[in-house]
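1. no sequence on this one, just coordinates:
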C-alpha cells in the first residue's frame, strides 16, 4: 500500500507580503482558516502528477519531487477548485513532501517537509503563506513570515463551521507581482487587530475590512458580501480567489447554497494506515 | 453549555533540562508522544478543581485560574493516572486555560494560553516540556526549550498505535530537583540522533537508550523492557513515571495486557460544540 497524506485547504483572510531573496525567509504575515476540505495525495508507480484523475503540471509539486529525488509520481484528489484561493497548490506540494518522505524512508522531520514545500511555493510564485498555515491547522495566524525556523505562528482558539462559495479564480502570481503596498499596509492593520483580541468574530471582521481596503473585490463578490451583511452576519473574500467565505452560517442565511465544511484541527499529516 | 477542552496525554521519551529564571525561557529539549488518551476539562459553576469527580489540589491549575482571573472552577476527566509520566498536570493546566478563555471571552490567542500553562507548570515544578508538546500533538520534538516565542518545535511525521503499562508514579519535582547532568547529556545525544533521522523507530530506540543512560529504570521496568526486546520489539520508559510505553504492539506481543491508544494528530483544543 502506498503512503497517503491529507493536507487541509487554507483560505487566507488578510495578509501582508514579505519578499526575500532566501525563499525560506520570504513569506507573508496574516491570518487564515484551514478547511476539512483539502487535498489527499498518494504516491503512484508512474511518474507525473494527476489532480482528480487528470494530468496536470503544478510547478511547486514538481519542485518538491525534484528536491526529494522522487522516482515516482503523485495522484491528488480534492473537492476544492484550483486557483481560487484555497491553497490547493500548497496542499499538493506539502502532501507530496509527506508521501515521498514516507515512501523513500528519507527520515525528514515535519519542519524539513514544510520547508521544502514552502520554498517550492515561494519559488513558483504560487503562494507565500498557505503551506505554513496548512502545516499547523485550525485558524492559523502568521505572526512573522517564512518557513520553519524563520516564521512564527499563532492560532485563534476553537473550531467552526465554514461556508464558501467560489465564482472562479484569480492569479496569485499576478496579484503578488503587482503593487502590494496598499494591500500589505491593510494586512498589517488587520493582523494587529486580531492579535489584540484573538476571537473568530474579530477575525472575520478584520478579514472583511482587509478585503475592502485591498481593492481586490469584484462587483459580484461585493454583492454577495452585502447580502450576508443584510442577513446579519459577516463574510469575506478568500485571498486570492473570487471566493466568498464565512465562519458559521452567514452564506446560507443570506439564501446562497454554499459548500460547507469545518475548520481542520490538525495540520498536514499522513493518513492513518 | 460550558466550554470543554481536550488536551492529549504526553509521554516524554528523552529530555534535557534547561532551567531559567524566566519560566517562559525555562523548559526542556527532547522528544515525546502525544496520546489520544488525554484530559477533558469543563468549566464548572462552583470554584475548585475536580479530577474524575474527586476534589484535588493541582498547583499549576490553580496558577492558571489565578492568571486568568477565573471566578469559577474546572472539572477534569481522564483515563490516565496522575504522576505517572503522562503529562496529566500539564494537560489539566492547558485545558483550564482554554476553557477559561472561552467562558470569559478574554480573546487570548493559542500562544497566550500555552504560555500561561507552561509558566504555571514550570513555577510549580511539575513539568518542563509537556505543555508545549501537548499544544502541538503528534510526536513532538522540542528543539529549543521554553514556551511560545522562546522554544522551537519540530515533529516526527506520521501517526502510530501506542501501548502503555503503568506500574506507578515518580515525583517529577524530586527528579528535576536532583542532579540532572548525566540525564541531560544523555537527552542531548538522543535528540541529536532523532534529528539526524526523524522516524518512529529511531525515536523509540533513542528513548530506550536514554532510559538506560539516565539511570531511572526500576528493576520491574527493566524486566518489562527486556521481555519486549525478547519479543523482537522495543519499548521504553515514560519520563517521568514508572510506566513502560511503545509505538506499535511490542507490549502485547510480549504477553502483557497494556492500555492501547494512538498518537493524537492535533494538539490541545476546544471540543466541537
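-> Here it is on my side, so go on. Since the model is a prediction, treat every value here as computed from it, not as a measurement.
2. The nearest residue to residue A:23 once chain neighbours are set aside: what secondary structure?
-> Leaving aside its sequence neighbours, residue A:23 sits nearest to residue A:122 (Cβ to Cβ, 6 or more residues apart in numbering or on different chains; 4.0 Å). Yep, even glycine has a C-beta here, placed from its N, CA and C like the rest. At residue A:122 the chain is in helix, as set by DSSP: H, G, I helix; E, B strand; the rest coil.
3. next helix or strand past the worst-scoring helix or strand of chain A on mean pLDDT?
-> When each helix and strand of chain A is scored by mean pLDDT, DSSP states H and E, helix A:172-177 comes last, with a mean of 69. As assigned by DSSP states H and E, the chain's next helix or strand after helix A:172-177 is helix A:181-196.
4. Identify each buried residue in that following helix, please.
-> The neighbour-count check on helix A:181-196 (16 or more other Cβ atoms under 10 Å in any protein chain shown) flags A:183, A:184, A:186, A:187, A:188, A:189, A:190, A:191, A:193, A:194, A:195 as buried.
5. got those residues as JSON lines, with pLDDT and distance to chain B columns?
-> Output for the buried residues of helix A:181-196, formatted as JSON lines (pLDDT from 0 to 100; distance: Cβ to the nearest Cβ, whole Å):
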{"residue": "A:183", "pLDDT": "92", "distance to chain B": "24"}
{"residue": "A:184", "pLDDT": "95", "distance to chain B": "22"}
{"residue": "A:186", "pLDDT": "97", "distance to chain B": "21"}
{"residue": "A:187", "pLDDT": "97", "distance to chain B": "17"}
{"residue": "A:188", "pLDDT": "98", "distance to chain B": "17"}
{"residue": "A:189", "pLDDT": "98", "distance to chain B": "17"}
{"residue": "A:190", "pLDDT": "98", "distance to chain B": "15"}
{"residue": "A:191", "pLDDT": "98", "distance to chain B": "11"}
{"residue": "A:193", "pLDDT": "98", "distance to chain B": "11"}
{"residue": "A:194", "pLDDT": "98", "distance to chain B": "8"}
{"residue": "A:195", "pLDDT": "98", "distance to chain B": "7"}
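6. show me the contacts for the closest residue to residue A:48 other than its chain neighbours.
-> Closest residue in space to residue A:48, ignoring its immediate chain neighbours: residue A:73 at 4.4 Å, by Cβ to Cβ, 6+ apart. Residues counted as contacts of residue A:73 (Cβ atoms under 8 Å, 6 or more residues apart in numbering or on different chains) are A:43, A:44, A:46, A:47, A:48, A:49, A:50, A:65.
7. The first one reaches residue A:98, doesn't it?
-> No. Using Cβ atoms under 8 Å, residue A:43 and residue A:98 do not qualify as a contacting pair, with a distance of 9.9 Å.
8. Pick out whichever of these two has more residues nearby.
-> Counting neighbours by other Cβ atoms under 10 Å in any protein chain shown for residue A:43 and for residue A:98 shows that residue A:98 has the greater number, 28 against 21.
9. From residue A:157, how far off is that one?
-> Separation of residue A:98 from residue A:157 (Cβ to Cβ, to the nearest Å) stands at 26 Å.
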